[in-house]
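Colleague: Prediction below, plus the sequence it came from.
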Amino acid sequence: MSLPTPSDPAFDPLWLEELAGLVRELSRRTPRLVDLYLERRLEARISREHAGTVGTEVRTEGLAARWRSGAGTVIAARSGVTHAVVREVLGRAFRRLAVPQQRGLPTAELDPPLHWRKWAARTLEGTTRLPGIWLLSRRAVVVNAGGWHELRSPDLLRVRLEGTAPAALLAVWSHPQLDGWMEELLAPPPPKPWAPPSGTRLPVILTSGSAGALVHELAGHLLESDLVTTGISPMGNLEGATVASETLTILDDPTAGDLPGSFSCDDEGVAARPVTLVDGGVLRSWICDSEGARVLGAPAGRGRRATWQHPPASRMSNLVVAPGGADPEAMERDLSHGLVVTRAGGATVDPATGTFVLRVERGWEVRGGRRRRPLAPVHLVGSGLGVLASIDPVLGNDACPDWRLGWCVKDGLALPTGTLTPTLRLTGVEVL
Amino acid sequence: MSRTPFDLLDSLQSGASAARELLLGSGVARWEVFAKASLTTTSLDLRGRRSELSAEEIGVAVRTWDGRRAGFGAASGMEPAAARRAVDGCLAARCDAPRDPLPPRRLLGTADPPQGAEAPPRGWAAHVAGEVAAAIHRRSEGRLRPCRLAVHHGTWGWLLLTAEGFVAGHQACSSFLEVEVTGEPGIHGTWRSWQWIPSPGEFSAERAAAAAVDRALLAGRPAPVRSGLADLLLHGEVTAHLLAALEPLLLASPGDDDPVDRLVDRSGQLASPVLTLVDDRCGTSGPLPAPCDGEGLPARPITLLDHGVPRHRVACYRDAVGAGLNPNGGALRLSFRDLPASGLANLSVDTSLGVPPSRLLARAGKAYYLLRLVTPVEVDTGRDEIRLLASGLSMDGGRPGGWHPVVEVRGSLSRLLRGVEAVGTDLHWYQTAAGFVGAPSLLVLRQPVTEGG
């Protein structure tokens, strides 16, 4: 899937052109105007409310100006995208320059895609376990000294499952595998699950798509430039070092249009292109916003904003693990005793201890190469770098998106991200 | 900041009035308009790189009921076009609903407005950041340094009006501090803390530094495994997240299958008699007081757990009606974008019968002092299960033993809640997934513990 090309511009192109001229002028002064960021969002929701449904539509828009002076950055953000708001965020600077007026043209509204409401209502009718279904659309423009850059990203669908085993799905709307993922989400937990004794060390196979949270935490967050430059990431001094098996290659790819973290350019106006983070097990690069790129000498293009109210920060887009050549069924047959994870929930790397914890929602005990007992929810625990190094060189040939990954929250700010992973085998992990 | 809070309330009038006019002309029988504005300033120090952020968000939301269908729409901005987009969105999104989601006029009202916190002077946030950084250096004798230090100050105002002529408004401000400190790799790692600043005039950089570094200084080389039954001393932050995980037991339960029924014992106890929980929505003790809830019902303290016995449940109007409860003003509406929903505002533990933390330590036998969570608390109310992964110290007779990066507490939720032996007097406020929680240290006796990692 490629990124959608909207039929109508989200903002008046002529006005954006004039704003670009204004930014060029102010970017030569001190403090330096870095960019203007304009954003429009739609969040539509259909939720179940005591035997009925409630429909909601929330439309928000806002604008932010970013200034830089010496070692400091100043950001002013306001609701609305109008001439008056531009004047307000530019503060004193606008008095010296004329801020271009908007033409009186009606702007294109973001609207939910055709069929979405019907699909959501039909899905809610089929089950009582879904409290609501959300659709999220976003259009943005970055105006900087180089011109204006339209940010396109796919419409996203979010579904949350409540009850004793809560779970969530985040996927690109109209993804061809969506109905199958919904079935997986709604599948009831096994009746008599088995939990291995706490502290057991076992080899673990993560089926295609279920290793998303693992890769997201270990090869995603730990390579984000703010964690590297502040010394928080244990990967900070490992550029050029072997951190995983020689068959493991991981890219951060915002151009994969069927994954939730896709965009045409980042929120600093840098055109999207894939970056190879780990190449044949060797750490090659970082996930950088423009500031991180300047400090680390790596490519920029991952400065992402949670909303127009927040500054851009280095955040991953979609992590893609290059598939291997192994048949995933053969990988399972080769396991004498271990676990197969078919659905993983959240994962964390504890910043205080470096401990990695992956929550397993569904899976199986495997003995003699055959699935025996369904698995109760368990945690896989280990040191972050240790778990990454324990990924077996034999990789499956079956890469698949992880619909369970959901929103990535960092410093309290949520962003959509994606992963595409093949079947992976961890040589030995502690189970709690 | 470009506007004062008083300007904010003035500016809300225009958007709310425009929405009201549109709704009066729409023929919809019942409606509600909610307008909110907020100004947030953040001073961020990321290892010497300073950022100043000011963000203003303003918007209007409408809810309608036409006798058959209910809808909700919201749009940012306060100009007439924003009001029109909110009303149009609401009317377009209407769905069939079995009952009116809007509370009747007779239930609406306001309590005495709580006295707001003072607004700090200009430049205060940047000054505080510098003071705290220096205090951290002194407190830790140079062993820890701040790698991220953010001071946030927010001012907000809102206005609620209904088709029947009810009008309520409120304005307030609040400040808080986020600190991340790092030390020697492999020993201290990175420790995060969140601290509410109730009064900027009484802010103490020394106390803030203590809250940021004292736990981190207890970390050391990992000690050998010791599993089995042990007493638990929970740090206030761990207590807060544990209580937040109990949210399904504290909110109105819409179905017939109420998890609380399965967890109480024969005498109706859900937890130990030392545990009393109150959501004080109008008092000044918590960060989020207001004269009424997000739907206009008067704010009041809601006693949720009275000496271990469940008393009331927090409920918005539609959840209260759905669960057959009396509406008690439990609707939360943090932004104009949010549909009002049942939610905790200022949940806190009653510490009037608490004991000082030093005495809690003395009362613990072979114990783990759990200082921070490694993963979110997992609670399965249907199966009466809890799982908690935390880092902490082993204790013996009140004296510290080894440092344990991962301690797993896994067992019966009701056993843990009834095993609470004492609450501390050291209540602080924490930010959790279920909102703000005021929590002290907690001593829990004889729980099954495993070590990992």
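Modeller: Everything's here; your move. Because the structure is predicted, anything quoted here is derived from the model rather than measured. Numbering: from 1, shown residues only, chains lettered A, B, ... in the order given.

Colleague: could you pull out the helices for chain A?
Modeller: Using DSSP state H, the helices of chain A run over A:13-26, A:83-90, A:116-125, A:178-186, A:212-215, A:225-229, A:290-296, A:328-333, A:384-389.

Colleague: Buried deepest among those helices, which one?
Modeller: Highest mean neighbour count of the helices of chain A: helix A:212-215, a mean of 27 (counted as mean count of other CB atoms under 10 Å in any protein chain shown). For glycine as for every other residue, the C-beta is placed from the backbone atoms N, C-alpha and C.

Colleague: what packs against that helix?
Modeller: strand A:318-321, strand A:337-349, strand A:355-367, strand A:418-421 (3 or more CB pairs under 8 Å, 6 or more residues apart in numbering or on different chains; DSSP states H and E).

Colleague: circling back: can you list the helices of chain A in CSV and add distance to B:Val309?
Modeller: Converted to CSV, these look like this (distance: least, CB to CB, whole Å):
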stretch, distance to B:Val309
helix A:13-26, 62
helix A:83-90, 53
helix A:116-125, 37
helix A:178-186, 37
helix A:212-215, 40
helix A:225-229, 46
helix A:290-296, 53
helix A:328-333, 51
helix A:384-389, 44
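
Colleague: Looking at those, which is nearest to B:Asp426?
Modeller: helix A:225-229 (31.6 Å; CB to CB).

Colleague: Give me the contact list for the closest one.
Modeller: For helix A:225-229, contacts defined as CB atoms under 8 Å, 6 or more residues apart in numbering or on different chains pick out A:221, A:233, A:235-236, A:286-289, A:291-293, A:295-296, A:298, A:302, A:313-314, B:46-47.

Colleague: Quick one: mean pLDDT for it?
Modeller: Across helix A:225-229, the average pLDDT comes to 91.

Colleague: same question, stretch A:136-144
Modeller: Stretch A:136-144 comes out at a mean pLDDT of 95.

Colleague: likewise stretch B:433-442?
Modeller: If you average the pLDDT values across stretch B:433-442, you get 95.

Colleague: Look up how far chain B lies from the residue nearest to A:Val270 when sequence neighbours are not counted.
Modeller: Nearest residue to A:Val270, sequence neighbours excluded (CB to CB, 6 or more residues apart in numbering or on different chains): A:Gly301, at 4.2 Å. Between A:Gly301 and chain B the computed distance is 20 Å (CB to the nearest CB, to the nearest Å).

Colleague: now do A:Gly220
Modeller: Counting by CB to the nearest CB - A:Gly220 and chain B are separated by 17 Å.

Colleague: and the residue lying closest to that residue once chain neighbours are set aside, what pLDDT?
Modeller: Once flanking residues are discounted, A:Gly220 sits nearest to A:Met316: 4.3 Å by CB to CB, 6+ apart. Looking at A:Met316, its pLDDT is 97.

Colleague: tell me the contacts of A:Met316?
Modeller: So A:Met316 contacts A:216, A:220-221, A:223-224, A:252, A:261, A:287, A:302, A:408, A:417 (CB under 8 Å, 6+ apart).

Colleague: For the chain, give me the ranges with low pLDDT.
Modeller: Chain wasn't specified; assuming chain A. Residues of chain A meeting the criterion pLDDT under 70: A:1-9, A:50-51, A:92-97, A:99, A:103-108, A:163-164.

Colleague: I was thinking of chain B, sorry if that wasn't clear
Modeller: Checking chain B against pLDDT under 70 turns up B:1-7, B:116, B:225, B:255-256, B:452-453.
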